[in-house]
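Trainee: Have a look at this prediction, sequence included:
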Amino acid sequence: MKNRKRNYLTPIVLGTASALALSVALLPTANAKPKPKPDSESASSSVVISPITAGIATIDGNASEWNTTADFAATMCTAGSVNHETMTCEGSGKVNLSDLFLRYDCDKKILYVFVRKEKGYQVERSEDDAWVTVGGNSNKEVNGSSGKDGTPPDFAWVESDGELLGYEASFKLEPGTHHDVEVHLNVSGNTSSTGKTNTGGKISIAVPASCDMPAVEDEPPLDVDKPQGNDEPPLLATDVDLTATLNDTGGVNLTLSTSAEPNTAALLILRGDKLDNGGTKIDVACEFHSGASPYTCTNDVVADTYRVAEIEYDGSLILYDEVTAE
C-alpha cells in the first residue's frame, strides 16, 4: 500500500555472501561499478570512462559472457540527455533506455562493445542507427552493416528467447584517451545515446597501454578484513519510500525516493507475482544507478507486490517492506 503518512520502509540487511548468492540468481543486471570521473582536460567531452575492463568477447550475438557489473561503462538516455557525473538521465521525458558495457584487449588493441536495452523497452533492428563513433560523428568505427567475420570491425545483434536485446561490436582502437565518443541505438521509437554535444557532452574513453588495470581514482579500496558484524552496520539509504499507483492504461506507476544514499551503488524495484504453490516469483521491475532520487518507472502489468532492493558498494543487499499497488 502507499505510505501516506511517510512511514518509511524497514530494511532487511543480508550479509555479503547471502547478497551475492541472491544477486546472482535474481539481479544479474545490477550495476555496482563506481561512477566515471569528470574530465577537466577535454572541452568536447564531459567524462572519461576509465578503467575499462581487460578482456575479450566473441561477437556472435550471445551476450552471456558479459558481466553487466564489472563491464558497465555508461548510461544511455533518450537523445543522449545524460548527466555523466551521476550516470542518470536529465530532462522532461528523458529516460534510461539502454546501457553501455566495454572490454579491451591490450594485446590485439581491440575494443569490445555491448549495448543492452533496459527492461520494458524494444530495440529497433536498424543497421543505420546502431553505431559507435570516435573523434566525431563522421568517424563511425562500427555499425550495423559491419558484418561479423572474426576480424574487427565486427557487429552482431543480441537476442534472447526471440527478443532483441541490443548488439555486440568490436573495432581496433589504439591506447590513449579518445574524445568525442558516442554509442548509439534506437529504442522504442527514440534515439538512445551515451551523450551528444548539445545535451550534456559526449563521453571519452581511456584505453590502457597495459591491461594491468589501475584502480579508479578517489575510490578507497575495500577493506576485506573489516568486521561485518552487527556492531558496524552498513550505511544504508535513509527515508526509503516506495509508492505504486495504478494508472489509466492498466499498468502501475512506481516512485522510489530517498533522502540520502551514502554507500548505495544501485537501487532496484522488485515485482512479486504469487504462485499457486504459495511461493512468489521475483523479477526486476526497474533498476536505477544511485544518486538521482526520486526515481520513477512504469510497469505495464500490475504485480501482486513491489519492494525495494538496495545494493551497496561492499556487496551487501538490503531488501525493504513489500507494498501493493492502489
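Mentor: Yep, it's here. Source: prediction; values computed, not measured.

Trainee: ok, I282 - how many residues close by?
Mentor: 19 (other CB atoms under 10 Å). Every residue, glycine included, has its C-beta placed from N, CA and C.

Trainee: Which stretches in the stretch 101-250 of the chain count as helices?
Mentor: Read by DSSP state H, counting those that start in this stretch, the stretch 101-250 of the chain holds no helices at all.

Trainee: Show me the strands in it, by range?
Mentor: 110-117, 131-133, 140-143, 154-160, 163-172, 176-187, 190-193, 202-207, 241-246 (DSSP state E, counting those that start in this stretch).

Trainee: which other helices and strands contact the second one?
Mentor: Helices and strands touching strand 131-133, as assessed by 3 or more CB pairs under 8 Å, 6 or more residues apart in numbering; DSSP states H and E, comprise strand 140-143, strand 176-187.

Trainee: Mind listing what's buried along the last one?
Mentor: Burial within strand 176-187, assessed by neighbour count using 16 or more other CB atoms under 10 Å, is assigned to H178, H179, D180, V181, E182, V183, H184, L185, N186, V187.

Trainee: who's in contact with N253?
Mentor: A244, T245, L246, N247, T296, T298 (CB atoms under 8 Å, 6 or more residues apart in numbering).

Trainee: which element is the fifth one on?
Mentor: By that I understand T296. strand 295-299 (DSSP states H and E).

Trainee: now the angle from that strand to strand 241-246?
Mentor: Here strand 295-299 runs at an angle of 30 degrees relative to strand 241-246 (axes from the mean of the first three to the mean of the last three CA atoms, to 10 degrees).

Trainee: which residues touch strand 295-299?
Mentor: 95, 120, 247, 251-257, 267, 269, 271, 285-286, 288.

Trainee: hmm, which two among those are most spread apart?
Mentor: N247 and L267 (21.4 Å; CB to CB).

Trainee: So for those two, which residue has more residues nearby?
Mentor: Neighbour count, other CB under 10 Å: between N247 and L267, L267 has more, with 27 against 13.

Trainee: what comes into contact with whichever strand or helix holds the more buried one?
Mentor: With elements taken from DSSP H and E, the one containing L267 is strand 264-274. Applying CB under 8 Å, 6+ apart, the set of residues contacting strand 264-274 from outside is 26-27, 30-33, 236-237, 242, 254, 256, 258, 261, 280-290, 295, 297, 299, 303-313, 319, 322.
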